[in-house]
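>>> Turn this into a structure:
(one chain, ligands or ions: 3)
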Amino acid sequence: MHKIAVIAGDGIGNEVMPEGLRVLEAAARRFDLALGYETFDWANCDYYLKHGQMMPDDWFERLQGFDAIYFGAVGWPDKVPDHISLWGSLLQFRRRFDEYVNLRPVRLLPGVPCPLSGRRPGDIDFLVVRENSEGEYSSVGGHMYEGTEREVVVQEAVFSRYGVDRILKYAFDLARSRPKRHLTSATKSNGISISMPFWDKRLEAVAAGFPDVAWDKYHIDILAAHFVLNPQRFDVVVASNLFGDILSDLGPACTGTIGLAPSANLNPERRYPSLFEPVHGSAPDIYGRNIANPIAMIWSGAMMLDFLGDGAPNYRAAHDAIVAAIESALEGGERLTPDLGGTGSTTDLGKAIAAALENAG
Ligand code: NAD
Ligand code: IPM
Ligand code: MN
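Ligands and ions are numbered 1, 2, ... in the order given. As a prediction, the model looks like this:
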């Protein structure tokens with residue numbers, strides 16, 4: 001039995017989560033998967049308003065025995081400042097559970113209008129591998145002379161050799177497992193003169209161990225431009241925490257909508273639970289209308305099954321079947337949410353995907 005902690009969080013996290021669970025249940029029936037769930041109603045901003053913190057003190061002990069965390073989204077800036085809600089929940093999970101890989105697929109799916117002209121499914125199909133535990137996301141720094149004209153704020157970025165090498169190795173291994181065997185690294189060594197030359201140096205050192213993988217690197221500014229102009233160029237794209245964050249919204253935007261984009265926050269060694277969540281946030285602007293696209297949540301569930309199965313054929317098959325059901329619902333085109341140009345609801349699209357999964361079986 002795989003134990004899954006379910007945390008919906010804030011806003012549309014609560015609307016897309018039921019659709020994610022609906023599809024996981026359909027997959028469990030069809031592929032005979034043993035999944036057990038426990039739902040937690042903390043790690044959201046209403047909990048913070050009641051308790052003065054995002055999570056109970058013993059959150060780590062309560063979650064660490066799970067095999068995975070299935071997570072919606074956190075953040076409601078009108079209730080709680082974002083840095084407090086996020087550093088009090090999601091960023092703690094990523095760090096304390098050492099989920100140092102944030103794997104974010106970018107794929108143009110059939111039936112989705114592409115904002116880039118002339119692109120067809122198959123033209124855009126790559127993986128962003130985002131460093132998820134250090135880098136620009138740090139709490140090292142200080143605030144001096146607060147409120148005076150001489151106010152100064154310093155925030156450090158942290159790049160350890162251990163942290164950089166392990167994400168680069170993960171990305172090279174992944175590239176090696178794919179037909180194109182190609183890796184692109186994001187840098188900015190022209191302007192960020194200490195950490196990024198170090199990142200590039202470690203890239204060369206790690207690359208030496210992967211002579212069968214072709215690699216290149218681009219400064220983040222032109223890399224962003226290539227995402228738009230030449231997305232077919234990419235296979236595996238590895239980036240620091242902040243650069244990877246930006247690229248993993250830009251990539252999905254190039255494939256139609258960020259409502260599709262899944263992610264896996266992985267502790268590859270399986271010492272701690274890994275966390276599976278949409279790339280998007282709580283979307284306060286559309287919450288409460290049942291129009292959020294549930295595909296990112298559902299696809300993240302497929303990634304979770306693949307990871308939990310660790311090579312088991314029925315789990316791999318369940319992943320593939322969920323992705324196929326997403327594609328068939330998109331091609332069917334009837335129940336699509338507004339971000340996909342349709343008039344369907346979150347529930348309609350979730351049900352259509354669950355039905356496609358069941359009917360294919
Ligand atoms: P957001 O991703 O919530 O929304 C950005 C835009 O995309 C909005 O217009 C929204 O309506 C749209 N959108 C997002 N998901 C969608 C979906 N599934 N279907 C259709 N449209 C969708 O980003 P934001 O507005 O910058 O952030 C809102 C809150 O979420 C903030 O508190 C932010 O910190 C938080 N956030 C959390 C996560 C996370 O939990 N992983 C990720 C990003 C942002
Ligand atoms: C994401 C989000 C988070 C991040 C925020 C909410 C802290 O944007 O998962 O991409 O920057 O990592
Ligand atoms: Mn982001």
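>>> Which one of the residues in the stretch 101-250 of the chain is closest to ligand 2?
Going by Cβ to the nearest ligand atom, ligand 2 is nearest to residue 245 of the stretch 101-250 of the chain, at 4.4 Å. No exception for glycine: its C-beta is placed from N, CA and C like everyone else's.
>>> Which positions in the stretch 251-361 of the chain make contact with ligand 1?
258-259, 277, 280-286, 292-293, 296, 339 (Cβ under 6 Å from any ligand atom).
>>> give me that answer again for 8 Å
Proximity of the stretch 251-361 of the chain to ligand 1 (Cβ under 8 Å from any ligand atom) is limited to residues 257-259, 263, 277-286, 291-297, 337-339.
>>> Filter the residues you listed down to just the buried residues.
Among those, the ones that count as buried by 16 or more other Cβ atoms under 10 Å are 257-259, 263, 277-283, 286, 291-297, 337-339.
>>> So which of those residues belong to strands?
When DSSP state E defines the strands, the subset of these inside them is 263, 277, 278.
>>> Mind jotting down where the strands sit in the protein?
Using DSSP E, strands in the chain cover 2-9, 35-39, 68-73, 101-107, 125-131, 141-144, 152-155, 182-187, 214-219, 236-239, 262-266, 274-278.
>>> looking at those, which is closest to residue 312?
strand 2-9 (10.4 Å; Cβ to Cβ).
>>> which other helices and strands contact the closest one?
helix 13-31, strand 35-39, strand 68-73 (3 or more Cβ pairs under 8 Å, 6 or more residues apart in numbering; DSSP states H and E).
>>> again, 10 Å this time
When contacts are defined as 3 or more Cβ pairs under 10 Å, 6 or more residues apart in numbering; DSSP states H and E, strand 2-9 sits against helix 13-31, strand 35-39, helix 59-63, strand 68-73, helix 90-96, strand 274-278, helix 295-309.
>>> before we move on, back to that, quick check: which of the ones in strands among the buried ones among the residues of the stretch 251-361 of the chain next to ligand 1 are also close to ligand 2?
263, 277.
>>> Pick the one among the ones in strands among the buried ones among the residues of the stretch 251-361 of the chain next to ligand 1 closest to residue 36.
residue 277 (19.4 Å).
>>> hmm, back to that, any idea which of the helices and strands packed on strand 2-9 is most buried?
Across the helices and strands packed on strand 2-9, averaging neighbours per residue (mean count of other Cβ atoms under 10 Å) puts strand 274-278 on top, at a mean of 28.
>>> how far off strand 262-266 does that one point, in degrees?
Between strand 274-278 and strand 262-266, the angle comes out at 160 degrees (axes from the mean of the first three to the mean of the last three Cα atoms, to 10 degrees).
>>> what's near enough to touch residue 85?
9-10, 43-45, 47-48, 54, 74-77, 79, 91, 282 (Cβ atoms under 10 Å, 6 or more residues apart in numbering).
>>> Only the buried members of the residues you listed: can you turn that into a ChimeraX selection?
Buried residues within the contacts of residue 85, by 16+ other Cβ under 10 Å, are selected in ChimeraX with:
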select :9,10,43,44,45,47,48,54,74,75,76,91,282
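>>> Identify those among the contacts of residue 85 that sit within helices.
45, 47, 48, 91 (DSSP state H).
>>> Determine which two of these are furthest apart.
47 and 91 (16.2 Å).
>>> Excluding chain neighbours, give the residue nearest to residue 287 in space.
residue 11 (4.2 Å; Cβ to Cβ, 6 or more residues apart in numbering).
>>> any idea of the pLDDT on the one you found?
At residue 11, the model reports a pLDDT of 98.
>>> contacting residues around the most centrally placed residue in the chain?
Nearest residue to the geometric centre of the chain (Cα atoms, centre = their mean): residue 263, 2.4 Å. Residues in contact with residue 263 (Cβ under 10 Å, 6+ apart) are 71, 102-105, 128, 130, 132, 248, 275-280, 296, 299-300, 303.
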